[in-house]
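Trainee: following is a predicted model, sequence given first.
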Amino acid sequence: MKHLVSNKIVTKPTTVTRTSKTLIDHIVVNFPQNITYTDVRPCSIVGDHDAPFACINVHLPRFKPRFKFLQNEKELDENAFKEDFSLLPLDVVYGLESPDDTVDALNSLMKDCLDRHDPLEGLRLHALLLLDSKLKKYVSSTEKESEKDYPPSLYSA
């Protein structure tokens, strides 16, 4: 049993006669820390030996909420976004030495500008699965837009 990393948790004898006490019934577990109590119940009416039992404390991991982040581009004011984007200090990237730092700075400037005009909306995963009304509108609008982008012969295939 030791090479299977399992443990016997019943320690009291399950068959008691006038001349002997023997442990013949076992409960074997691989996580003994989850067992809170074990004992043997007398069952002389049902059979010739007693019944072992164990109380198991099982902690199931709670569902951690997950979010899907979406941007509603329909509410974006393009003129205000273009004006704000034109005022971004893009020349600061010329002072950076590393190309990675340059790309990171540009991404940060553009992301901050976009977040000011069209922030991400976090929807819980269960809301996505149930397709609440806000998501249904978003999904249907994106499907309609994707139909416009493709020729009918390619979209219907």
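Mentor: It's in.
Trainee: burial count for the residue nearest to Cys55 when sequence neighbours are not counted?
Mentor: Leaving aside its sequence neighbours, Cys55 sits nearest to Tyr37 (Cβ to Cβ, 6 or more residues apart in numbering; 4.3 Å). For every residue, glycine as well, the C-beta is placed using N, CA and C. Neighbourhood size, Tyr37 [other Cβ atoms under 10 Å]: 10.
Trainee: look up which helix or strand Tyr37 falls in, please.
Mentor: strand 35-41 (DSSP states H and E).
Trainee: tell me the buried residues in that strand?
Mentor: For strand 35-41, a neighbour-count test (16 or more other Cβ atoms under 10 Å) marks Thr38, Val40 as buried.
Trainee: quick one: that strand to chain centroid distance?
Mentor: Its chain's C-alpha centre and that of strand 35-41 lie 34 Å apart, by Cα atoms, centre = their mean, to the nearest Å.
Trainee: same question for stretch 93-113.
Mentor: Mean-position distance between stretch 93-113 and its chain equals 32 Å (Cα atoms, centre = their mean).
Trainee: now stretch 49-69
Mentor: Offset of stretch 49-69 from its chain centre (Cα atoms, centre = their mean): 16 Å.
Trainee: please renumber so the chain begins at 567
Mentor: Shifting the count to begin at 567 puts that one at stretch 615-635.
Trainee: end-to-end on that stretch?
Mentor: Criterion Cα to Cα, to the nearest Å; first-to-last residue distance in stretch 615-635 is 61 Å.
Trainee: for that stretch, which outside residues touch it?
Mentor: 575-576, 578, 580-582, 590-593, 595, 600-610, 686-692, 694 (Cβ atoms under 8 Å, 6 or more residues apart in numbering).
Trainee: just the mean pLDDT for that stretch, thanks.
Mentor: In this model, stretch 615-635 has a mean pLDDT of 78.
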